[in-house]
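> when you get a sec, could you give me coordinates for this:
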Amino acid sequence: MQLTIQGKQMDLGDALRTYVTEKLEEINGKYFNHTTAASVTFSKEGHGHGAIRAHISIRVGKDIMVMADGTAADPYGAFDAAAEKVAKQMRRYKKRLRDHHERMEKTPESEVVKARDYVLAMSPEESAQGDDDGVPVGNDPVVVAEITTNIQTMSVSEAVMRMDLSGQNALLFHNASHSGLNMVYRRPDGNIGWVDPEGNGQAVAA
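A predicted model of the protein is given here:
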């Protein structure tokens, strides 16, 4: 497992790096053992920096990301909080992760559709402005990041698992039952919405 540990505007001692390394190796060995890379970032949070935030990002097998955040008064507590979330997620999906890994290793690259993934954001000047109701106004948002992402074929339950593990609010995928584009997303009420456009062979669900 390739591991990167870094601090934003803060120094990290060898003892903390060793603690993080051993903990993540323990989690990986216990729940999956196919982690290819992981990163842990510590940063100061809040006014006066009264808290530390730890962000863990783990690449599990092929194109599956597990991410979690934790906040505490010290970096050890922050990391432990994030690591517990990661362990909980991997424990929940342990068997399905292994089954998914075996299936994805056999999936030809030609069946994976590549797409552009853009991050859009308002400029600081525009986001600070607003109308009388406090709604931001301004020109179209600008692209602040552009990467290549893969749209893979999977079942709805697999898509929900991947979205849950990554902490994302939505995931676009090809439905394995009919190859049409589908989306799952997290609703404001905490439930999961599933969009299957007409013409894909099934009705729209949400």
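> residue 42 reaches residue 78, doesn't it?
Yes: assessed by CB atoms under 8 Å, residue 42 is found in contact with residue 78 at 6.9 Å. Backbone N, C-alpha and C define where each C-beta goes, glycine included.
> name the residues contacting each of those two.
Shared contacts of residue 42 and residue 78, defined by CB atoms under 8 Å, 6 or more residues apart in numbering, are found at 52, 53, 54.
> neighbours around the last one, how many?
For residue 54, the tally of surrounding residues (other CB atoms under 10 Å) stands at 24.
> host element of it?
Per DSSP states H and E, residue 54 falls inside strand 51-60.
> what helices or strands is that strand leaning on?
helix 14-31, strand 35-45, strand 65-72, helix 75-92 (3 or more CB pairs under 8 Å, 6 or more residues apart in numbering; DSSP states H and E).
> re earlier: which one among the shared contacts of residue 42 and residue 78 gets closest to residue 185?
Set against residue 185, the nearest of those by CB to CB is residue 53 (25.4 Å).
> residue contacts, the nearest residue to that closest one once chain neighbours are set aside?
Sequence neighbours aside, residue 45 is the residue nearest to residue 53 in space, at 4.5 Å (criterion: CB to CB, 6 or more residues apart in numbering). For residue 45, the contact set (CB under 8 Å, 6+ apart) comprises 51, 52, 53, 71.
> mind doing that once more with 10 Å?
51, 52, 53, 69, 71, 72, 78 (CB atoms under 10 Å, 6 or more residues apart in numbering).
> circling back: export the shared contacts of residue 42 and residue 78 as TSV, with columns for distance to residue 22 and pLDDT.
Shown next, in TSV, are those (distance: CB to CB, whole Å; pLDDT from 0 to 100):
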residue	distance to residue 22	pLDDT
52	19	93
53	21	93
54	15	95
